[in-house]
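Colleague: Got a predicted structure here, sequence first:
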Amino acid sequence: MAPEHRHAIRRRPIGVNTWVWVSPLTDSALRTIAPRVAGWGFDLIELPVEHPDDWDPRLAARVLEDHGLGASVSLVMGPGRELVAADRATVRATQDYLRRVVDAAHTVGARVVGGPAYASVGRTWRLSAAERAAAYAELAENLGPVLEHAASAGVVVGLEPLNRYETSLVNTLDQALEVIAPLPAEAIGLMLDVYHMNIEETDLVAAIHRASSRIAAVQVCANDRGAPGSDHLDWVRLLGALDEVGYSGPLVIESFTAENATIATAASIWRPLAATQDAIATDGLAHLEEVMSSA
């Protein structure tokens, strides 16, 4: 975008997911991470719920308050968590898990719970057009009880499309919009993840415009999962598009440590993505702040 066409970009909150350093999150890890994140100038921390008992939401709320930080929460669809093409016991267990994630978000004051709330990450299968339509209808039905619980808690579920290597069910924003179309807007929207969008969307800015008012949360990182700005993405256009559709929520840096076998394998992190894990957060924050202040 030529400099003469740039406009002032909204200053929005910036957060970072604790997966940059640790998986799973624990109470002790949060006590260590929170003051550092606050000291660097972040506005919030994103807390992944791999298992509902990994960390105490009430304690987390106090830790975040002590350091002047807000919160967002990410759901985690590990093995055995399925809302589509699964037996009823599995679906009920997944719904119970998602309700507990909503409860955790409510306790820490998070407005949005985001993630691929449909199938376990890594599960892929071929779908004809008719089978996909049936799967989306089943997903909408099985999300219903979760969304009722979310609405009563004042929490919005952000449905996140994942790239083709991590799921075959919802890869694009258009597919995600099809899923949520019959569902209540006050309880469900979209979580945009720039990493997945860079793989699946032919025009990121156009996709943002199509998602428009249904955007509930945005995760950011470089195209290789490193720090935003250390890549080929046009961050001025991306953030400008979010302004144009009226998204005023936070940008959350999501990346992963290669030192954790489970999360590194799930996210295909086979090498360090920056000189240090801290640099993913601090360099990304500096770049996003620069874009917002100089455009």
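Modeller: Happy to help now that I have it. Numbering: from 1, shown residues only.
Colleague: Show the pLDDT at E290.
Modeller: Looking at E290, its pLDDT stands at 95.
Colleague: gap between it and D283?
Modeller: Distance of E290 to D283, given as Cβ to Cβ, to the nearest Å: 11 Å. The C-beta positions use only the backbone N, C-alpha and C, and glycine is treated the same way.
Colleague: hey, what's in contact with both of the two?
Modeller: Both E290 and D283 are contacted by G229, under the criterion Cβ atoms under 8 Å, 6 or more residues apart in numbering.
Colleague: More neighbours: which of these two?
Modeller: Ranked by neighbour count (other Cβ atoms under 10 Å), E290 and D283 place D283 first, with 20 against 12.
Colleague: List the buried residues in the host helix or strand of the more buried one.
Modeller: Assigned by DSSP states H and E, D283 belongs to helix 277-294. With burial defined by 16 or more other Cβ atoms under 10 Å, the residues of helix 277-294 counted as buried are 277, 279-288, 291-292.
Colleague: between those residues, which is nearest R111?
Modeller: L288 (19.7 Å; Cβ to Cβ).
Colleague: isn't that closest one right up against L251?
Modeller: Yes - L288 lies in contact with L251 (Cβ atoms under 8 Å); the separation is 6.0 Å.
Colleague: residues shared between the contacts of these two?
Modeller: With Cβ under 8 Å, 6+ apart, L288 and L251 have common neighbours I14, V220, L239.
Colleague: How many residues are close by the first one?
Modeller: This points to I14. Neighbour tally, I14, other Cβ under 10 Å: 22.
Colleague: Quickly note the distance from it to V220.
Modeller: 9 Å.
Colleague: returning to that earlier point: looking at the shared contacts of L288 and L251, which is nearest S212?
Modeller: L239 (15.5 Å).
Colleague: Can you tell me how far that closest one is from S248?
Modeller: Applying Cβ to Cβ to L239 and S248 gives a distance of 12 Å.
Colleague: More neighbours: these two, which one.
Modeller: Comparing L239 with S248 by other Cβ under 10 Å, the one with more neighbours is L239, at 22 against 10.
Colleague: how about the more buried one, what does it touch?
Modeller: Contacts of L239 by Cβ under 8 Å, 6+ apart are I9, R10, L251, L288, V291, M292, A295.
Colleague: With respect to H232, which of the residues you listed is nearest?
Modeller: Using Cβ to Cβ, the contacts of L239 come closest to H232 at V291, 14.6 Å.
Colleague: Near the closest residue to the closest one other than its chain neighbours, how many other residues are there?
Modeller: Spatial nearest neighbour of V291, excluding adjacent residues (Cβ to Cβ, 6 or more residues apart in numbering): W235 at 4.9 Å. W235: 21 surrounding residues under other Cβ under 10 Å.
Colleague: who's in contact with the helix holding D283?
Modeller: Residues contacting helix 277-294 (Cβ under 8 Å, 6+ apart): 9-12, 14, 16, 20-21, 36-37, 40-42, 220-222, 226-230, 235-236, 239, 251, 253, 255, 257, 273-274.
Colleague: From the chain's centroid, how far away is the helix or strand hosting R36?
Modeller: Element membership for R36 (DSSP H and E) is helix 27-40. With Cα atoms, centre = their mean, to the nearest Å as the basis, helix 27-40 stands 20 Å off its chain's centre.
Colleague: sec struct for Y136, please.
Modeller: helix (DSSP: H, G, I helix; E, B strand; the rest coil).
Colleague: Can you name the residues that contact it?
Modeller: E178, V179.
Colleague: do that again at 10 Å, thanks
Modeller: Contact analysis of Y136 by Cβ atoms under 10 Å, 6 or more residues apart in numbering lists V84, Y118, L127, L169, V170, Q175, A176, E178, V179, I180, A181, P182.
Colleague: gap between N198 and L44?
Modeller: 23 Å.
Colleague: Between those two, which is the more surrounded one?
Modeller: Taking other Cβ under 10 Å, N198 and L44 do not tie; L44 has more neighbours (22 against 17).
Colleague: Specify the beta-bridge partners of the more buried one.
Modeller: Applying DSSP bridges to L44 yields these beta-bridge partners: G15, G70.
Colleague: residue boundaries of the helices in this protein?
Modeller: 27-40, 57-66, 88-108, 129-153, 173-180, 194-200, 204-211, 235-244, 261-266, 277-294 (DSSP state H).
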